[in-house]
Every structure is written in C-alpha cells, then in structure tokens.
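Asks: my questions concern the predicted model and sequence given below.
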Amino acid sequence: MSRGKDAMGKVTTTVLGYPRVGGRRELKRATEDYWVGRADAASLQETAAGLRQGVWRELSGAGLDAVPSNTFSLYDHVLDAITLVGAVPERFSGAADPYFAMARGTEGVAPLEMTKWFDTNYHYLVPELGPGTRFRLDWSKPLAEHAEARRLGVETRPVLVGPLSFLLLAKSTEPGFAPLRLLDGLLETYAELLERLAAAGVAEVQLDEPVLAADRTDEELAALRRAYARLGELSSRPRLLVATYFGEIGPALEILARGPVEAVGLDFVSAPGNLEALAAAGGLPGKTLVAGVVDGRNVWRTDTAKALATCAALLGLSDRLVVSTSCSLLHVPLDLDAETSLDPRLRERLAFARQKVDEVVRIGRALNGEEVVAGERSVERFLNPRVRARLDALGEGTPRAPHAERLAVQNADLGLPPLATTTIGSFPQTGEVRQARAALRSGEIDRAGYERRMEAEIDRVIALQEDIGLDVLVHGEPERNDMVQYFAEMLEGYAATEHGWVQSYGSRYVRPPILFGDVSRPEPMTVRWASYAQSRTKKPVKGMLTGPVTMLAWSFVRDDQPLGETARQVALALRDETRDLEAAGIRIIQVDEPALRELLPLRRADREAYLQWAVAAFRLATGGVSDSTQIHTHMCYSEFGEIIGAIGDLDADVTSVEAARSRMELLDDLRAFGYTRGIGPGVWDIHSPRVPSTGEIEAALRTAAATVDPALLWVNPDCGLKTRGYPETKASLRNMVEAALRVRGET
Ligand code: GLN
Ligand code: ZN
C-alpha cells in the first residue's frame, strides 16, 4: 500500500462544514417566526430537520466520501457547544427557552456577549466560565443528528468545538480566573460524550481547534497535549480528527503528530506554509491528513493544478490523504447557480459552497486517476492599466503638513468652538427611506423621483441638527443601504450578488460584495449628497466615506495579488473622492475604518506588515486634500490593543471612537502612545434606546477635558444612528449639546 492512500488505495474527500440557512434563507424566517410567536417549536424543528437532511443528501449525492453532521445550528455552533457541556450561566436557568435566551436575552436578562469568530465576519456567542462552572453533558444534539442522517442512509462525522478552543474562546466571569483551569473537568465531559458516540456507532468525530492558528503560550500547548492524551486513551471512542484552520498550525503540529489522534486537518489555503512545516516535521506517519486545499472563506474557483500539486506533495507525508475545504463552507454563499445577473466572465471564476463541494470531489477523483481535471482556472484578471500607472506615479503620495500646522489653518478656517459637537454620520433609517430605495429598485419611481425623496430627507436631517445646535453637521446617509455595498455598487472592479447571503450572527445574514478586479471610480460617489446638504446650511457639513481596510474586510476580495495592493486601489478611488468633496466646498471629511482592528492577523509576527499597508492605504486615501480640509476617522471600539500605535500613524486630524463602556480611560492610553490629535470619545451608547442624561454626559466630558485639550476634544455619540429611532435620537443629541455647552461654560 502506498502512503497517502487508504486501504483501498484511494484518496478520499470531505468538507469541514456547510451553510445552514437554506437556499431561500428558510432558517432565518423560521427562527424569526418562532421568536415572535408566529410559529411554534415544532414547526421550527421541522424546518431545521428539512434543512439538515437536504444538506446530507446533497453532500453524499455530490460524491463526498465523508459527510459532517452537527454543523447545523439554530443560531451558533459555539452556543451549541455551551449547551452540549452544560455551561449555561445561572441567569438563564429560569428561561422558557434557555438556548435562545442566551443568544438574545430576555426581559431584564442580558444575553451572552457576542464577538468575531477569528478574523471572519461570523460572530459567536462567548461562553462565560468561572471557578463555579460545573459541566454537565447534554449529548442530545450530536447524537440525534447522527441518527437522523443514518436514517437517510448517510453515515456522518459529528463536528464539535474542540475542548481547547472552547476554553480559550470563553471569557472569565471573575478577574484573574483563566477558563483553561477548567480543562480537566471539561475533558471528562468530552470523554463521556465520545463514549456515548462510540456506543451509537459513530466511527469518527471532528474536533475543531481553530485557536491553534493564533500564537499560543507554552501553557496552552501543554493543555493541548494533555487534552488529546486524555481523549486519545479512551478505550472506546470514535476516531479523532483534530481540525485546524485560518492559519498555520505552528508548534501544535508536533503535539498532534505525536499524540493519540488518528487524523489532523490543516489549512493549505490561508497557510501554504503548513506544507513546509509538515515536511520539516517528518509528516504525519501513521495518521490521516485532511488537507484543506479548497478555500472555504472566499468565492474563487480553485486553481486545480495548484491544488493537485499540493496534494501530490502531501501524499508522501501521511498514511492517508483526505481532500477537503480549508475551513467550514459556512463563510461562503450557498450556490452560484442562484446568481443570474453576474458578468459571465466573472461568473466562470467563482465557486460558492455547492461548487466547492464539486471541486473537492473532482480533485479527489483526479488524484485517484479516475478523472482528468481541466488545468488551471481562467486567467481573466480584470486589470486596469490606468489605475496601475496612476498608483505607480503616486507612490506613497506627498505627506500632509504636520498636524499642528494643519490645525492652525483649520481652526482659522472652520472657527469651531472647543468641545465641538457632531455625529458619526448616519441618522435613523426611516421606513420612508427604505421604501424609497425599494421603489427605485422595483421601478416604481425613477432616479429623479428617488433623488427628490433623498433630498427631502436631507433637508429634514439638516434642519433637525441646526435646531439641536450641533456644530458640525452630516447629511445623514439616507441613500446608503450599507456602508460598504453602497460604494461597491459605484466602483468598477466590484460586483454585488443577488442571493450571496452569509451568516453574520444568528438570523442576521449579509451579502458581501465581490471585489474581483482593479478598482476604479467612474464618477463621484458622494459629492452630490454632501454638497446638497452643505447648500442647506452655513455650518460645516462633514463628508462621509468608508475607508479602504473596511471596504476589504466586508467584501470577498480577489486573491491574485496581496491585499495591500488592492487596498491601494480602493484608496486611490477614495482619494479622488476626497478631492472632489473638497472642490465642492466640503471642509471636513470623515473616512470610517471600523474594521481596522478586525483584519489584524492572528499571529503577532504578521501584524506589523498588515498595519503598514493598512495605515499607508488610509494615508493615501486621505492625503490628497489641502491642509485646511480636516480629516476625521471613526472606529467602533475603544480597546485598541495592538493597533493603538497605528491610530496616530493614520494621521487623521480627529478620531472618534466608542467609549461609553470603557468610560474615558482610553484617553490616557492614547496619550501614552503619543496620540496628540483631535479625539471624539463617544459619550453615549447608541446600541440601546436609552437616553443619556445631560448630567452623565457632562460628567464624562469633564473627565475627558481633564486630560485632553478642549480644543482637541470632540463631542459625539459612539457610532452612527442608523438603527436608532428618532425619539431617543433627538432627546439624546439635545442632552449631548447641552452638556457640551455646560462644560464650555456657555450656559
Ligand atoms: N458613518 C457610518 C454611520 O454613521 C459609520 C458606521 C460604523 O462605524 N459602523 O453609520
Ligand atoms: Zn461605528
């Protein structure tokens, strides 16, 4: 028997996970109906069963050798894991439906926190663990799903969050307590589960350990070793596949290679270096390698020639080879066939989840000599020589004058008071605004009619801001469906999908646009609205753009060149836009970068290079205006962590951030890192309808004014007001302005 092939001498195939929502987002409707009481639990379960069974039939019908189960979730797979091990916090014990209570909260009971799943746009619910946590196994879901698939004649591999990842993704309920201390208890729970699964005839389970793609301490690596030694030694258990993804496995490779697990999953798409690491470690003798060679996170067709070459190299490095996706297909849309209006030249370069399953199957067949796979993917790259020539000529761009010099010019020009008041950009998106957009799409109104409605909305928003007495106004962003999609629709090199939904969290799905080629701006994108708004007021209106990093973070991005190069192209389009805004009389321009921290690489060694291109792209986007034009930026968080130094490097004149939760501590942090420019720490949390009192805003501002020069201190909410209602928006903004006046000593 040659290495790399199974007993039959065959390479086999699988995927690590699959979208859950259904082709018509059936799960979204079913859960939302259940939440509002329009449907009962039985009908929700019926929809869920239909979706699961559809996926198993589809995956086995497509010819995969091994099909996963327990990848379905009514809300989130980490929430499922919390239920599985019985780590349900005390406050939910009385809830009628603890599962959804943890996800969404109930009257007076706060839900679990939600946070980003590694560097994806998926959000998971954060387990809350403390010294008092006792695990109690509830094996019902994985067992029931395995049995359900078996009834269809499909033998599946249950997928579970691995014990190390579960603990390291959790937050501690008590300061100083590390959830890792709960490892031994958790392992007993997993051991019991594995025995149960074995008794039910489960041959193999997949334990996902994506935390291994980030830097891990020696203590964490020791915990990994202990965990799999314990689970491996069980006399009756399924085969163990430990799946890693989203990056290089690093020092964990040796531990797993020598440990008592039967299979290891490695991501060769996001981490081609895994190949070298595997060779250097002497491969996985005696084990199965599950090779992620089809990208589970992006929408491009696989370069089959390249994937085959990788697999050929891997055949010599393990006993059995399984062709797979780099991670769960959860992160890509379901089916390219649903897209009917994409440019055919783009379409032929794309693969969504269904098409990726076919790719996996075909690569497997090719390796077994059963099929000849057509060589490389189409080479159409959608290049734009003009954009490239302009960027070459521009280089880094000439830097702006030092901040202090700019500030003097801006102060003279803008004449703003200390503690200037403003907002982050969007005003509440009313039913009328959304209706107008729908009416334009359906052809019920024409472009001119739509523009009149938007102008009427801008009139209202400007009049309101004048009445409230804000110093720097905004047009309110009524014309934007989404802060990324709006720009993507106007840029060349970008395409939108009709049905390309991916789960963001729970029943919330987003449709990221596809950045497929060189990006350029055929015409101004926001000037029309900003200058209309400016024509309605003597106060300065702040122009509003989405920054290059955020444009990339919330899109599917071409993978034929480094991200930094693509960011420069987006930046160039934004640079043109800022200059056009300036020429149209806009004196303040905000370039939002809420995703700057989100794209930060998982491994520390990669971070500096990232921050370098991210900062350079922002500076390219904003560096083309004159010194008198004031550049603002905005981020939706205050815990800057490792990007704190980069905030100053962006060289924006003013940065607004979230601060309601962390209070004003971040001001000291920023100062410690040498930040000396304008700062707008958000003074009220826009995520809730609660109206902050004048007194509490005043107190926050006084705290801030104790550390920051009032001339550099801005007064604004935490984030945009798009999701708020008008009553609380008006009341809160009035209190905010009143508080600023008090601190200035004007009332
Ligand atoms: N300008 C945007 C808005 O106000 C910013 C949104 C964001 O930070 N996520 O909606
Ligand atoms: Zn924000």
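Replies: Structure's in. What do you need? Ligands and ions are numbered 1, 2, ... in the order given.

Asks: what about residue 449, neighbour count?
Replies: Residues lying near residue 449 (other CB atoms under 10 Å) number 12. C-beta here means a position set from N, CA and C on the backbone, and glycine is covered the same way.

Asks: contacting residues around it?
Replies: Neighbouring residues of residue 449 by CB atoms under 8 Å, 6 or more residues apart in numbering: 439, 440.

Asks: can you tell me the helix or strand for it?
Replies: helix 447-468 (DSSP states H and E).

Asks: what mean pLDDT does the helix or strand following that helix get?
Replies: Using DSSP H and E, the helix or strand that follows helix 447-468 towards the C-terminus is helix 485-490. In this model, helix 485-490 has an average pLDDT of 97.

Asks: pull the CA atoms of helix 485-490 into CSV?
Replies: Taking Å, rounded to 0.1, in the frame of the first residue of the first chain, the C-alpha atoms of helix 485-490 are listed here in CSV:
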residue,chain,number,x,y,z
GLN,A,485,-22.2,47.9,-0.5
TYR,A,486,-23.1,51.5,-1.4
PHE,A,487,-19.5,52.2,-2.5
ALA,A,488,-19.0,48.7,-4.0
GLU,A,489,-22.0,49.4,-6.3
MET,A,490,-20.4,52.5,-7.6
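
Asks: what residues does the helix or strand hosting residue 29 touch?
Replies: Per DSSP H and E, residue 29 falls inside helix 26-35. Helix 26-35 is contacted from outside by 20-21, 39-41, 43-44, 47-48, 50-51, 74-75, 100, 104, 506-507, 509, using CB under 8 Å, 6+ apart.

Asks: buried subset of these?
Replies: 20-21, 39, 44, 47-48, 51, 74-75, 100, 104, 506-507, 509 (16 or more other CB atoms under 10 Å).

Asks: what average pLDDT does the helix holding residue 29 get?
Replies: Mean pLDDT, computed over helix 26-35, is 97.

Asks: ok, which stretches of the stretch 451-600 of the chain are strands?
Replies: Ranges of strands in the stretch 451-600 of the chain, per DSSP state E, counting those that start in this stretch, are 492-495, 502-505, 508-510, 514-520, 542-546, 556-557, 588-592.

Asks: tell me the most buried of these?
Replies: strand 542-546 (a mean of 27; mean count of other CB atoms under 10 Å).

Asks: for it, which outside residues touch it?
Replies: For strand 542-546, the external contacting residues (CB under 8 Å, 6+ apart) are 422, 425, 472-475, 477, 483-484, 486-487, 526, 530, 574, 577-578, 581, 586, 588-592, 621, 632.

Asks: and what of stretch 392-411?
Replies: Contacts with stretch 392-411, where a contact means CB under 8 Å, 6+ apart, come from 572, 575, 616, 619-620, 623-625, 627-630, 651, 653, 676-678, 711.

Asks: residues of that stretch that come out buried?
Replies: For stretch 392-411, a neighbour-count test (16+ other CB under 10 Å) marks 394, 397, 400, 403, 406, 407, 410 as buried.

Asks: tally up the residues packed near residue 176, please.
Replies: 6.

Asks: could I get the buried ones among the contacts of helix 26-35 as a markdown table with secondary structure, pLDDT and distance to ligand 2?
Replies: Shown next, in a markdown table, are the buried ones among the contacts of helix 26-35 (DSSP: H, G, I helix; E, B strand; the rest coil; pLDDT from 0 to 100; distance: CB to the ion, whole Å):
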| residue | secondary structure | pLDDT | distance to ligand 2 |
| --- | --- | --- | --- |
| 20 | coil | 97 | 28 |
| 21 | coil | 95 | 26 |
| 39 | coil | 97 | 34 |
| 44 | helix | 98 | 33 |
| 47 | helix | 98 | 34 |
| 48 | helix | 98 | 34 |
| 51 | helix | 98 | 33 |
| 74 | coil | 98 | 29 |
| 75 | coil | 98 | 24 |
| 100 | helix | 97 | 27 |
| 104 | helix | 95 | 22 |
| 506 | coil | 95 | 20 |
| 507 | coil | 95 | 22 |
| 509 | strand | 95 | 20 |
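
Asks: burial measure for the closest residue to ligand 2 within the stretch 451-600 of the chain, as a count.
Replies: Going by CB to the ion, ligand 2 is nearest to residue 594 of the stretch 451-600 of the chain, at 4.9 Å. Applying other CB under 10 Å, we find 23 residues neighbouring residue 594.

Asks: just residue 522 next, same as before
Replies: Per other CB under 10 Å, the neighbour tally for residue 522 reads 9.

Asks: residue 633 now?
Replies: By other CB under 10 Å, the residues close to residue 633 number 26.

Asks: who are the packing partners of the one helix or strand it maps to?
Replies: For residue 633, the host element (DSSP H and E) is strand 630-635. Packing partners of strand 630-635 (3 or more CB pairs under 8 Å, 6 or more residues apart in numbering; DSSP states H and E): helix 403-414, strand 588-592, helix 607-622, strand 654-657.

Asks: between the ones you listed, which one is nearest to residue 316?
Replies: For residue 316, the closest of the helices and strands packed on strand 630-635 is helix 607-622, at 31.9 Å, according to CB to CB.

Asks: buried residues, the closest one. List them.
Replies: Using 16+ other CB under 10 Å as the test for burial, helix 607-622 gives 610, 611, 613, 614, 615, 616, 617, 618, 619, 620, 621, 622.

Asks: please identify which residue in the stretch 351-500 of the chain comes closest to ligand 2.
Replies: Relative to ligand 2, the nearest point of the stretch 351-500 of the chain is residue 424 (5.8 Å; CB to the ion).

Asks: hmm, I typed the wrong one, I wanted the stretch 51-200 of the chain.
Replies: Relative to ligand 2, the nearest point of the stretch 51-200 of the chain is residue 116 (14.7 Å; CB to the ion).

Asks: neighbours around that residue, how many?
Replies: 15.

Asks: contacts only, for it.
Replies: Residue 116 neighbours (CB under 8 Å, 6+ apart): 122, 123, 124, 598.

Asks: recalculate using a threshold of 7 Å.
Replies: Residues in contact with residue 116, defined by CB atoms under 7 Å, 6 or more residues apart in numbering, are 123, 598.

Asks: and the worst-scoring helix or strand of the chain on mean pLDDT, what's buried?
Replies: Least confident helix or strand of the chain, by mean pLDDT, DSSP states H and E, is helix 665-672 with a mean of 88. Across helix 665-672, burial judged by 16+ other CB under 10 Å covers 666, 667, 669, 670.

Asks: now do that helix: everything it contacts.
Replies: 638, 644, 647, 657, 659, 679, 681, 704, 707, 708.

Asks: for residue 274, pull up the helix or strand it's in.
Replies: Assessed by DSSP H and E, residue 274 sits inside helix 273-280.

Asks: please list the residues outside that helix that contact it.
Replies: Contacts for helix 273-280 (CB under 7 Å, 6+ apart): 248, 249, 253, 266, 267, 268, 310, 313, 317.

Asks: what is the burial count for the last one?
Replies: It stands for residue 317. Burial measure for residue 317: 20 neighbouring residues, criterion other CB under 10 Å.

Asks: in CSV, could you pull the C-alpha coordinates for stretch 500-520?
Replies: Provided in CSV are the C-alpha atoms of stretch 500-520 (Å, rounded to 0.1, in the frame of the first residue of the first chain):
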residue,chain,number,x,y,z
GLY,A,500,-25.0,35.6,-1.8
TRP,A,501,-26.0,35.6,1.8
VAL,A,502,-23.6,34.5,4.5
GLN,A,503,-24.3,34.3,8.2
SER,A,504,-23.1,37.2,10.3
TYR,A,505,-24.7,36.1,13.5
GLY,A,506,-27.9,34.3,14.5
SER,A,507,-30.6,35.1,11.9
ARG,A,508,-28.5,38.1,10.6
TYR,A,509,-27.1,37.5,7.1
VAL,A,510,-25.0,39.8,5.0
ARG,A,511,-24.3,39.8,1.3
PRO,A,512,-20.7,40.9,0.9
PRO,A,513,-19.9,42.4,-2.5
ILE,A,514,-17.1,40.7,-4.6
LEU,A,515,-14.0,42.8,-5.3
PHE,A,516,-12.8,41.0,-8.4
GLY,A,517,-10.6,43.3,-10.4
ASP,A,518,-8.7,46.5,-10.4
VAL,A,519,-10.8,49.1,-8.6
SER,A,520,-11.6,52.5,-10.1
